[in-house]
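S.K.: just to be clear, the model below is a prediction. Sequence and coordinates:
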Amino acid sequence: MAIRKPEQPGPSDSRSAATIYELHKAAIWLGLAVAIALVVLLVQPLLLVFAALVLAAMLDGGTRLLGRILPIGRGWRLLITCLAVVAFITWTVYFAGSQIAGQFEALRTVVETQLTRVFEWANARGLMPKTGGGQAVASELMGSFDRLTGWVGTALGAVSSIAMILVLGVFIAAEPRLYERGFAWLLPIEKRADFYATTARMGFTMRRLMFGRLIGMAVEGFGTGIALSIAGVPMAALLGLLTGLLAFLPNIGSIISGVLIILVGFSAGFDTGIWAIIIYVAVQVIDGNIIVPWVARRSVDLAPALILGAQLLFGTLFGIVGLALADPIVAMIKVFLEERAKRPAE
């Protein structure tokens, strides 16, 4: 009787080295495709989570700052920071509701009127086509302004999203090491030291970046409001508040606030308009030559063109939330790449 040769694993047998190799490759590509699909589908929740991380970095920065002057536990310092934030928001809402809310419609009317005058002047000198007239162009631009205010209204009306950001931000700020260790547990042991170093640098950069952003918002908001009030510009308080809020958006925010300030200033007269230009330029010079370089030296140096490009990209893809988070996202990506470059090639 003939002796049979030993059986060899076939291509469908899991013991085959070739089969295992191909299955591993397929699993990697499939996992990558699923991950990309999940990121695309869950981009809005992911942005909310990142917004919570930004808030947590701000709360953590305030807690660490209080630790330098108050010898109390971290939990109490975080509570004081949260109460201070709530008090400021409450005061701002009350102030806006009682002093400023009625000025929004007046601001819209003034801006539309001034834009109409500008385009009619350009039409009269042949600088723009006469089809449609300045009124049509002004109405179109104000339609964009209305869409912007609509986005803001939508953001303010999204109570559940804001509440989720607040809750996540407070929880993360309360025990950041807990979540850091949880993510590190998913990595191989030999990778965890690099992970901790990277997250520490990211946290430091985010805290400094947000601290500088808050300082810039305060300087631009209060400085602009007080200076415009002294110069006799109408709606100075509202313009100061909008300037401070828009300062959270580098480059784009200053352009929008500058246009509003100049248009409202010239609505009160030529001299007032000149003072509005001088005030706007002075505030931007102080912010651009003192605050921004100071923050950049202590956090991460980001090129203005890079930030503007990221804002246009994220704003187009993800709306107002992506526009607001473009700066910290780019900063975190840069820190990650810099830390990655420090490691030896694997």
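M.R.: Nice, I can see it.
S.K.: buried ones in the host helix or strand of residue 178, by neighbour count?
M.R.: Element membership for residue 178, per DSSP states H and E: helix 176-185. In terms of neighbour count (16 or more other C-beta atoms under 10 Å), helix 176-185 has its buried residues at 176, 180. For every residue, glycine as well, the C-beta is placed using N, CA and C.
S.K.: repeat that for stretch 43-63.
M.R.: 47-48, 50-63.
S.K.: same deal with stretch 73-92?
M.R.: Result for stretch 73-92 [16+ other C-beta under 10 Å]: buried residues 77-78, 81-82, 85.
S.K.: those helices in the stretch 1-150 of the chain, which residues are they?
M.R.: 17-41, 43-67, 74-95, 103-124, 133-157 (DSSP state H, counting those that start in this stretch).
S.K.: ok, then the element right after the longest helix seen in the chain?
M.R.: Ordering each helix of the chain by length in residues (DSSP state H) puts helix 189-231 first. Next along the chain after helix 189-231, taking DSSP H and E as the criterion, comes helix 236-246.
S.K.: now that next one against helix 74-95, angle please.
M.R.: With axes from the mean of the first three to the mean of the last three C-alpha atoms, to 10 degrees as the basis, helix 236-246 and helix 74-95 are set at 140 degrees to each other.
S.K.: closest one of the buried residues of stretch 43-63 to residue 177?
M.R.: Set against residue 177, the nearest of those by C-beta to C-beta is residue 60 (11.0 Å).
S.K.: and the residue lying closest to that closest one once chain neighbours are set aside, how many residues sit next to it?
M.R.: In space, and not counting its chain neighbours, residue 60 is closest to residue 173: 4.9 Å by C-beta to C-beta, 6 or more residues apart in numbering. By other C-beta atoms under 10 Å, 23 other residues sit near residue 173.
S.K.: likewise for residue 340?
M.R.: 10.
S.K.: contact partners for the nearest residue to it once chain neighbours are set aside?
M.R.: Closest residue in space to residue 340, ignoring its immediate chain neighbours: residue 198 at 7.9 Å, by C-beta to C-beta, 6+ apart. Applying C-beta atoms under 8 Å, 6 or more residues apart in numbering to residue 198 gives the contacts 335-336, 339-340.
S.K.: wait, isn't residue 287 in contact with residue 220?
M.R.: Yes - here residue 287 reaches residue 220: they are 5.9 Å apart, a contact under C-beta atoms under 8 Å.
S.K.: quick check: mean pLDDT across stretch 260-280?
M.R.: Mean per-residue pLDDT for stretch 260-280: 83.
S.K.: and the contacts of that stretch?
M.R.: Here stretch 260-280 has contacts from 107, 110-111, 113-115, 224, 227-228, 231-235, 239, 242-243, 257-258, using C-beta under 8 Å, 6+ apart.
S.K.: ok, so what distance separates residue 196 from residue 48?
M.R.: 25 Å (C-beta to C-beta, to the nearest Å).
S.K.: oh sorry, the question was meant for residue 27
M.R.: Taking C-beta to C-beta, one finds residue 27 at 30 Å from residue 48.
S.K.: after the helix or strand of the chain with the lowest mean pLDDT comes which helix or strand?
M.R.: Lowest by mean pLDDT, DSSP states H and E among the helices and strands of the chain is helix 133-157, with a mean of 48. Going down the chain from helix 133-157, the next helix or strand is helix 159-174, by DSSP H and E.
S.K.: in that following helix, what counts as buried?
M.R.: 161, 164-166, 168-170, 172-174.
S.K.: how much distance is there from it to the middle of the chain?
M.R.: Counting by C-alpha atoms, centre = their mean, to the nearest Å, helix 159-174 is centred 16 Å from the centre of its parent chain.
S.K.: now do it and helix 43-67, the angle between them.
M.R.: Using the same axes, to 10 degrees: helix 159-174 against helix 43-67 is 40 degrees.
S.K.: packing partners for helix 159-174?
M.R.: helix 43-67, helix 74-95 (3 or more C-beta pairs under 8 Å, 6 or more residues apart in numbering; DSSP states H and E).
S.K.: could you redo the last one with a cut-off of 10 Å?
M.R.: On a contact count with 3 or more C-beta pairs under 10 Å, 6 or more residues apart in numbering; DSSP states H and E, helix 159-174 meets helix 43-67, helix 74-95, helix 133-157, helix 176-185.
S.K.: ok, back up a step: quick one: average pLDDT of the longest helix of the chain?
M.R.: 85.
S.K.: just stretch 306-314 next, same as before
M.R.: Here the average pLDDT along stretch 306-314 is 81.
S.K.: buried stuff in that stretch?
M.R.: 307, 310-311, 314.
S.K.: number of nearby residues for residue 265?
M.R.: Residue 265, neighbours per other C-beta under 10 Å, totals 28.
S.K.: kindly report the same for residue 287.
M.R.: 19.
S.K.: ok, residue 167 - contacts?
M.R.: By C-beta atoms under 10 Å, 6 or more residues apart in numbering, residue 167 lies in contact with residue 52.
S.K.: measure it to residue 82 for me?
M.R.: 11 Å.
S.K.: next, residue 187: secondary structure please.
M.R.: coil (DSSP: H, G, I helix; E, B strand; the rest coil).
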